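Trainee: After the sequence you'll find the predicted model.
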Amino acid sequence: MQIRCFKCQMPIALGRDVVAEALELVKKENLTHYDVRCPKCRTTNRVAKKQLSRMAPKVKTEKKK
């Protein structure tokens, strides 16, 4: 998942594992967003719960026959 810092416009990459952990934390603590710090300017960027859920890795379910 790619986001862009709203202050310095630096692209920030979030891996699938980070997105999955962030979504888990947001759901567990009933938050509306997840905070990501920019590595360049250290500004906190908010990522909405809805955006995290769209980009989360899909869990494969096995079909029983």
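Mentor: Alright, I've got the coordinates. Residues are numbered from 1 along each chain as shown.
Trainee: Check what contacts whichever helix in the chain runs longest and list those residues.
Mentor: If you go by DSSP state H, the chain has its longest helix at helix 16-28. Defining contact as C-beta atoms under 8 Å, 6 or more residues apart in numbering, one finds that helix 16-28 is touched by 1, 14, 31-34, 47, 49, 52-53, 55-57. Yep, even glycine has a C-beta here, placed from its N, CA and C like the rest.
Trainee: mind running it again at 10 Å?
Mentor: Residues external to helix 16-28 that are found in contact with it (C-beta atoms under 10 Å, 6 or more residues apart in numbering): 1, 14-15, 31-36, 47-49, 51-57, 59.
Trainee: quick one: buried residues of the worst-scoring helix or strand of the chain on mean pLDDT?
Mentor: None of the helices or strands of the chain scores lower by mean pLDDT, DSSP states H and E than helix 49-55, at a mean of 89. Of the residues in helix 49-55, those buried by neighbour count under the rule 16 or more other C-beta atoms under 10 Å are 49, 51-52, 55.
Trainee: packing partners for it?
Mentor: Counting contacts by 3 or more C-beta pairs under 10 Å, 6 or more residues apart in numbering; DSSP states H and E, helix 49-55 is packed against strand 2-4, helix 16-28, strand 33-37.
Trainee: now that helix, how far from the chain's geometric center?
Mentor: Centroid displacement of helix 49-55 relative to its chain, using C-alpha atoms, centre = their mean, to the nearest Å, is 7 Å.
Trainee: so Gly15 touches Val36, yeah?
Mentor: No. Look at Gly15 against Val36 with C-beta atoms under 10 Å: they stay out of range, at 12.0 Å.
Trainee: Between these two, tell me which one has more neighbours.
Mentor: More crowded of Gly15 and Val36, by other C-beta atoms under 10 Å: Val36, with 18 against 10.
Trainee: which residues does that one form a beta bridge with?
Mentor: Asn45 (DSSP bridges).
Trainee: Determine the residues that are contacts of both of Gly15 and Val36.
Mentor: Listed contacts common to Gly15 and Val36 are Met1; contacts here mean C-beta under 10 Å, 6+ apart.
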